[in-house]
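Engineer: dropping the sequence and predicted coords here.
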Amino acid sequence: TPPVITTGSIGTCYPTVAAAEAAALAATSATDACLGGIVEAASTVGTCTAVITVTETDDCGNQSSTTYNTKIDNTAPVITTGTISMCYPTVAAAEAAALAATTATDNCPGTITYAASTTGTCSAVVTVTATDMCGNQSSTTYNTKIDNTAPVITTGTIGMCYPTAAAAEAAALAATSATDNCPGTITYAASTSGTCTAVVTVTATDMCGNQSSTTYNTKIDNTAPVITTGTIGMCYATVAAAEAAALAATTATDNCPGTITYAASTVGTCTAVVTVTATDMCGNQSSTTYNTKIDGTAPVITTGSIS
C-alpha cells in the first residue's frame with residue numbers, strides 16, 4: 001500500500017529550483033499503513049511554468065506523488081528607456097511622462113507593473129521601476145525639471161518719449177530684470193500698444209515656459225507740431241517787442257495731446273528775421289519765420305540855413 005499523501009500549497013514564484021523544491025517538500029506530508037520511515041524527494045520540470053513533483057516512498061518501496069505549479073524566475077525585466085521633456089509643471093506630470101516613455105520585456109509571460117518616484121525639482125531625477133510577476137525589478141532614470149513658478153520680475157524706469165516703438169521697447173527691455181527659482185536662461189520679449197499713450201509690455205520667460213510681465217507707460221512720437229504762421233507788423237522798436245508779436249501770431253497743433261512750448265530768436269535789425277519754434281512734449285520741433293524791422297532810432301536830422 002503506497003503512502004497517503006497530503007498536498008499543501010506553495011508560492012507562485014521562486015528564484016531557484018532548489019528554493020521551489022524545498023517549499024514543495026515542506027508543504028507535503030504523508031502517512032503509511034505500516035510503521036517505518038517515509039522518504040520524500042522532489043523533481044522539477046520547466047521554469048516559467050514549472051511543475052514540481054514530490055514523491056513519498058515507504059520502506060517497502062511503495063510510492064505516492066503530488067505536483068505543484070509555480071514559476072522559477074530570478075531574471076529581471078529588460079527595460080527600454082524612452083525620452084521625456086526637459087520641463088514639467090508638477091511631479092505627477094513628469095512621472096506620467098516617464099511611465100509612458102518606458103517599456104520592458106520579461107523572460108516569462110505575465111504582467112509587468114511600472115512605478116515612478118522623483119527626487120529633486122530644478123534638477124529632478126525620475127526613476128521608473130519595472131517589476132515582473134515574481135518581483136524581479138529593473139529601473140531607469142530620466143532627468144528633467146519640475147518647475148511651475150514664474151520668474152520674479154523687477155520693473156525699472158524708461159523715458160517719457162521715444163521716436164519709435166523699437167526704441168521704446170529697447171529701453172523697456174534694458175530696464176527690466178528677473179530672477180527665477182531654477183537656474184537657467186531667462187528670455188525677455190517686448191510688445192507695444194498705442195502711440196501717444198503707449199504701453200510697452202515686457203515678458204520674462206524661464207526655461208520651462210513660466211512667464212511674468214510688467215508694463216511701462218510712454219509716448220511713441222516722432223511727428224513735429226503743425227505750425228500756423230500769422231502776421232506781424234513791419235516795424236518794432238525792440239527785439240523783445242518783435243519776438244512778442246511773432247509769438248502771439250504763431251499757433252501749432254500736435255498729433256499727441258500735451259503742451260506745446262514756443263520760443264523766438266531774432267537775427268538782424270533793419271532786415272530782421274524772427275524765428276518762432278514750436279516744440280511738443282517729446283521734443284519734436286517746427287519753425288516759422290517773420291520778416292520785420294527792429295528800429296527804435298529816430299532819423300538824424302540835418303538842418304540847413306535860410307535867409
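Structural biologist: All right, it came through fine.

Engineer: use CA for all of it now, contacts and neighbours both
Structural biologist: Will do.

Engineer: what score does residue 179 have for pLDDT?
Structural biologist: For residue 179, the pLDDT comes out at 98.

Engineer: where do the strands of the stretch 201-307 of the chain begin and end?
Structural biologist: 211-220, 226-228, 235-236, 251-253, 261-267, 272-279, 285-294 (DSSP state E, counting those that start in this stretch).

Engineer: would you turn the ones you listed into a markdown table with mean pLDDT?
Structural biologist: Converted to a markdown table, those look like this (pLDDT from 0 to 100):
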| stretch | mean pLDDT |
| --- | --- |
| strand 211-220 | 98 |
| strand 226-228 | 98 |
| strand 235-236 | 98 |
| strand 251-253 | 98 |
| strand 261-267 | 98 |
| strand 272-279 | 98 |
| strand 285-294 | 98 |
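
Engineer: need those strands in JSON lines (columns: distance to residue 19 and mean neighbour count).
Structural biologist: Formatted as JSON lines, these follow (distance: least, CA to CA, whole Å; neighbours: other CA atoms under 10 Å):
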{"stretch": "strand 211-220", "distance to residue 19": "59", "mean neighbour count": "20"}
{"stretch": "strand 226-228", "distance to residue 19": "101", "mean neighbour count": "16"}
{"stretch": "strand 235-236", "distance to residue 19": "124", "mean neighbour count": "19"}
{"stretch": "strand 251-253", "distance to residue 19": "100", "mean neighbour count": "17"}
{"stretch": "strand 261-267", "distance to residue 19": "101", "mean neighbour count": "16"}
{"stretch": "strand 272-279", "distance to residue 19": "99", "mean neighbour count": "22"}
{"stretch": "strand 285-294", "distance to residue 19": "99", "mean neighbour count": "20"}
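
Engineer: in CSV, list those along with distance to residue 63.
Structural biologist: Shown next, in CSV, are those (distance: least, CA to CA, whole Å):
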stretch, distance to residue 63
strand 211-220, 80
strand 226-228, 121
strand 235-236, 145
strand 251-253, 120
strand 261-267, 122
strand 272-279, 120
strand 285-294, 119
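
Engineer: out of those strands, the one nearest residue 94 is which?
Structural biologist: Among the strands of the stretch 201-307 of the chain, the nearest to residue 94 by CA to CA is strand 211-220 (19.7 Å).
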